[in-house]
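Peer 1: This is the structure alone, sequence omitted:
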Ligand code: HEM
């Protein structure tokens, strides 16, 4: 499973840095309340890598990966007393006129592959393994649309960080040794009113997005009458440092049902970065100047998760005692003693050993 340049093709769990694929499944579940339901989750965390390899190895070119995120409530059940400090339920936003609702979710499986049959098969096996212990809250099959466009017709994902920038933006850093290598995830399912969107001129659409439609060139934000999506989603601090996130949005839809959507998924080393973007989109930088994408797109779900690194996931799978001991060790000596932990936790931890 090696690329020509010697790096490994990821076919395992928690490869957040896996490239955009042609297909994806976003599966949101809640876990039933009993102890054996929590045990079933531990089993899937323990066995996910093997499940992925069982399918993924049958065609390495399909690049099957899966990231599992755990919601704040489940985190408390599996790892009492030790959750990432910043993790909390999705905070609904009551903007005028647009709202971002908060919806249920204990587990998120973000399955990616270049073959939809691989996504399908992994989803099937995950659900067969979890059985009656979970409830399906939401299930979305996303597909690549032409040159990675969303259904609004714009190239989506261009400003994503790459290489080292990607790890710095998407993963918890070494400054938080207990959770280093993990990632905060926010998901929102948006439904578009494509008829009204397509009534706009291309120039009006481009002003809303902040890029040109045909060739994907950034528009000058100083010349904007009203902040574009690009401008509202750009977060900088007083010193001019920009805070990026990793997005892996996918179009989905059923024309027969009039359903056209974008599934938004953002990964970040700090949850506040994504929350700040949402605040700016729904409330505006100045009141009333909200993101006009929302005039044509309705958020129907909203949930937060934390995707543990592979070492943290192994500890969660082993049970609460192991996780608690590990976190005590990590916080007293300032380093994680997780099995096979490398000195460069933040970057190495998500790759196959
Ligand atoms: C940029 C579409 C929701 C964050 C973009 C771009 C498009 C796009 C076309 C420009 C190309 C690119 O850089 O990727 C959409 C659609 C959405 C949506 C269709 C839902 C209906 C969101 C949400 C967030 C977000 C909810 C964050 C909470 C960003 C960021 C950028 C971006 C950070 C890059 C800005 C930059 O640095 O230039 N989006 N987006 N987007 N979007 Fe979204």
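Peer 2: Yes, it's here. Computed from a predicted model, the values in this text were never measured in an experiment.

Peer 1: Buried ones in stretch 267-274, by neighbour count?
Peer 2: 267-271, 273-274 (16 or more other Cβ atoms under 10 Å). Glycine gets a C-beta too; all of them are placed from N, C-alpha and C.

Peer 1: Nearest to the ligand among those residues?
Peer 2: Distances from the ligand to those, taken as Cβ to the nearest ligand atom, are shortest for residue 274 (5.0 Å).

Peer 1: That closest one belongs to a strand?
Peer 2: No. Using DSSP: H, G, I helix; E, B strand; the rest coil, the secondary structure at residue 274 is helix, not a strand.

Peer 1: Export the buried residues of stretch 267-274 as JSON lines, with columns for secondary structure.
Peer 2: Listed next are the buried residues of stretch 267-274 as JSON lines, based on three-state DSSP:
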{"residue": "267", "secondary structure": "strand"}
{"residue": "268", "secondary structure": "strand"}
{"residue": "269", "secondary structure": "coil"}
{"residue": "270", "secondary structure": "coil"}
{"residue": "271", "secondary structure": "helix"}
{"residue": "273", "secondary structure": "helix"}
{"residue": "274", "secondary structure": "helix"}
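
Peer 1: Would you check that residue 317 makes contact with residue 45?
Peer 2: Yes. Assessed by Cβ atoms under 8 Å, residue 317 is found in contact with residue 45 at 4.1 Å.

Peer 1: Between these two, point out the one with more neighbours.
Peer 2: Neighbours per residue (other Cβ atoms under 10 Å) separate residue 317 from residue 45, with residue 45 holding more: 22 against 19.

Peer 1: tell me the contacts of the more buried one?
Peer 2: Contacts for residue 45 were tallied using Cβ atoms under 8 Å, 6 or more residues apart in numbering; they are 68, 313-314, 316-317.

Peer 1: Out of those, give me the two with the largest separation.
Peer 2: Greatest spatial distance among the contacts of residue 45 (Cβ to Cβ): 68 and 314, at 12.6 Å.

Peer 1: I'd guessed residue 259 sits against residue 251; true?
Peer 2: No. Residue 259 lies out of contact with residue 251 (Cβ under 8 Å); the separation is 11.0 Å.

Peer 1: residues touching the residue of the stretch 1-150 of the chain found nearest the ligand, list them.
Peer 2: The stretch 1-150 of the chain approaches the ligand most closely through residue 150 (4.3 Å), counting by Cβ to the nearest ligand atom. When contacts are counted by Cβ under 8 Å, 6+ apart, residue 150 touches 156, 249, 251, 262.

Peer 1: likewise residue 186?
Peer 2: By Cβ under 8 Å, 6+ apart, the contact list for residue 186 reads 90, 264-266, 268, 271, 274-275, 278, 302-305.

Peer 1: Can you narrow those down to the ones near the ligand?
Peer 2: Among those, proximity to the ligand is found for 264, 266, 274, 278 (Cβ under 6 Å from any ligand atom).

Peer 1: Which of those sits closest to residue 213?
Peer 2: residue 264 (19.6 Å).

Peer 1: Over to the closest one: give its phi and psi.
Peer 2: Torsion angles at residue 264 (phi, psi; degrees, to the nearest 10) stand at phi -90, psi 130.

Peer 1: what's across from it in the sheet?
Peer 2: Applying DSSP bridges to residue 264 yields these beta-bridge partners: residue 188.

Peer 1: Quick check: pLDDT value at it.
Peer 2: Reported pLDDT at residue 264 in the predicted model: 98.
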